[in-house]
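[1] Structural data only, the sequence is not supplied:
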């Protein structure tokens, strides 16, 4: 019986490249000279940390970082979870952006419910941080892919691991 998985994995190499592009842009900008503006990536904890002199400057850093991320991997900024801005040492600020990997249980339940309500002849089940969809015909699976990618637009979902 053919099957495939809906999942959500961050391309860490593309993210690393986008961070490097943003760092170079920050180093070259005249209005960032002599400030604490910088971007750091912690791959182990899946955190991007933005440092700046003010919240306005953090917004400018995001304006450099987000287009670089979108250019490397489409819809990658939807995967970021903004944590609150923190004050550090005097007038400096930092903000952490958490990189969400995998499909959380709420979204997985929403996908399963969407597939079951669609009346397609496929079965969906939650497999950890992925949703496995299986059916008798490839056409039904392709219709399911089209349905879910159209319905879930606020989080980047990929489909793969197709088994025949």
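    All right, it came through fine. Source: prediction; values computed, not measured.

[2] Phi and psi next, for residue 49.
    When read as degrees, to the nearest 10, the backbone of residue 49 gives phi -110, psi 130.

[3] and the closest residue to it other than its chain neighbours, helix, strand or coil?
    The shortest distance from residue 49 to any non-neighbouring residue, by CB to CB, 6 or more residues apart in numbering, is to residue 40 (4.6 Å). Just so you know, the C-beta spots here come from the backbone N, C-alpha and C atoms, and that holds for glycine as well. Secondary structure, DSSP: H, G, I helix; E, B strand; the rest coil: residue 40 is strand.

[4] ok, now residue 133?
    Applying three-state DSSP: residue 133 is strand.

[5] beta partners for it?
    Beta-bridge pairing for residue 133 (DSSP bridges): residue 4, residue 124.

[6] ok, it touching residue 4?
    Yes. If you go by CB atoms under 8 Å, residue 133 and residue 4 touch, sitting 5.9 Å apart.

[7] shared neighbours, those two?
    Residues touching both residue 133 and residue 4 (CB atoms under 8 Å, 6 or more residues apart in numbering) are residue 141.

[8] List the residues that contact the residue positioned nearest the centre of the chain.
    Nearest to the mean C-alpha position of the chain, by CA atoms, centre = their mean, lies residue 79 at 2.3 Å. Contacts for residue 79 (CB under 8 Å, 6+ apart) come out as 8, 10, 99-101, 155-156.

[9] That one and residue 26: what is the separation?
    From residue 79 across to residue 26, the span is 22 Å (CB to CB, to the nearest Å).

[10] Sketch out the strands for the chain, chain order is fine.
    Taking DSSP state E to define them, one finds strands in the chain at 3-7, 38-42, 47-52, 80-82, 86-88, 92-99, 122-127, 130-135, 158-163.

[11] Okay, now the sheet partners of the helix or strand bottoming out on mean pLDDT in the chain, with direction.
    When the helices and strands of the chain are compared on mean pLDDT, DSSP states H and E, strand 158-163 comes out lowest with a mean of 82. With DSSP bridges as the test, strand 158-163 is paired with strand 3-7 (antiparallel).
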